[in-house]
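> Below are the sequence and a predicted model; questions follow.
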Amino acid sequence: MSIALSGATLSAALAVFAATQACALDIKQVETSDDKTITVLLSGEVVAGDSLRIRSLVGKLTGAKPITAQLAFGGGLRSEALSIGRFLHQVRIRTVIPAKARCISPCPLVLVGGRSPDPKQVSYMKYSSATIGFSSIAPNFPDKVYSVADLDKTMAATQNDILQIADYMTEVGANISLLKFYQSALKPKEIRYISNEQALDLGIAVIMDDTGELITPLKPQP
């Protein structure tokens, strides 16, 4: 009986591990027409350990070429996304959302963590057909009776989440106005999308798909 239980436990653990790996970010180097830059694509969903995997790959990309991270993912651990964004900022890796790609929370936080090695170039940008979407961090309460202690605990946790995001944006020099999209009251799984004009107001540069023209925000990026 003990052997059977141990086997079942092991099988369950392996199943959880496999599911986690299936949902993890797909991190790979991709070829582009720009032979002066190394490009890494991040797609899928953020899970624990993805930050270390990105650090490992970047550590192997030795050479004088700058690195650009293409972002096309959504969902997952916000704490891990913040770690990724901080790393990209520290090592000066630019971020871009490719044409027709979707960058959904917590992806926008990684986007504004981008930082160009050349102060004359923008640090983060999106193509005009790319999509940026935010989900709310505020809890959505089911209909039932709540105690004052329950509400106090939930409010404290939400405020702590907001402070963590605010600290991160201050650290990477991002526009603090981005916070308002995380404070919106949204339904479960609801996504709030922003226009290219709103992206520019948040300091995110926009590349026109049809012409390749780069439209830079009025406020300089870090």
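Done, it's in. Numbers count the residues shown, from 1 in each chain.
> Check what pLDDT Cys23 gets.
Looking at Cys23, its pLDDT reads 64.
> what are the ranges of the strands in the protein?
In the chain, strands defined by DSSP state E lie at 26-30, 38-46, 67-76, 94-97, 102-104, 124-127, 131-134, 192-193, 205-207, 214-215, listed in chain order.
> could you dump the ones you listed to TSV with mean neighbour count, distance to Tyr168 and mean pLDDT?
(C-beta placed from N, C-alpha, C; glycine too.) Listed next are these as TSV, based on neighbours: other C-beta atoms under 10 Å; distance: least, C-beta to C-beta, whole Å; pLDDT from 0 to 100:
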stretch	mean neighbour count	distance to Tyr168	mean pLDDT
strand 26-30	13	21	94
strand 38-46	20	14	96
strand 67-76	21	16	96
strand 94-97	25	14	98
strand 102-104	21	16	97
strand 124-127	25	14	98
strand 131-134	21	15	96
strand 192-193	13	19	92
strand 205-207	20	20	98
strand 214-215	14	26	97
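> Any chance of those strands in TSV with distance to Leu82 as columns?
Formatted as TSV, the strands of the chain follow (distance: least, C-beta to C-beta, whole Å):
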stretch	distance to Leu82
strand 26-30	17
strand 38-46	10
strand 67-76	11
strand 94-97	14
strand 102-104	15
strand 124-127	15
strand 131-134	15
strand 192-193	20
strand 205-207	22
strand 214-215	27
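> So for Ile165, which of those strands sits nearest?
Of all the strands of the chain, strand 131-134 sits nearest to Ile165, with 11.0 Å by C-beta to C-beta.
> Which other helices and strands does the closest one contact?
Counting contacts by 3 or more C-beta pairs under 8 Å, 6 or more residues apart in numbering; DSSP states H and E, strand 131-134 packs against strand 102-104, helix 107-111, strand 192-193.
> Just send these back as CSV, with distance to Gln121 too.
Formatted as CSV, the helices and strands packed on strand 131-134 follow (distance: least, C-beta to C-beta, whole Å):
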stretch, distance to Gln121
strand 102-104, 20
helix 107-111, 15
strand 192-193, 27
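> one step back: between the strands of the chain, which one is nearest to Gly85?
Checking the strands of the chain against Gly85 by C-beta to C-beta gives strand 94-97 as the closest, at 8.5 Å.
> Give me the sheet partners of the closest one and which way each runs.
Sheet pairing of strand 94-97 (DSSP bridges) gives strand 67-76 (parallel), strand 124-127 (parallel).
> In TSV: these, plus distance to Asp26.
TSV is the format used below for the strands paired with strand 94-97 (distance: least, C-beta to C-beta, whole Å):
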stretch	distance to Asp26
strand 67-76	8
strand 124-127	20
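> By mean pLDDT, which helix or strand of the protein comes out lowest?
Using mean pLDDT, DSSP states H and E, helix 2-23 stands out as the lowest-scoring helix or strand of the chain, at a mean of 38.
> Relative to Glu213, how far out is the residue positioned nearest the centre of the chain?
The centre of the chain sits closest to Cys107, judged by C-alpha atoms, centre = their mean, with a distance of 2.2 Å. As judged by C-beta to C-beta, to the nearest Å, Cys107 and Glu213 stand 24 Å apart.
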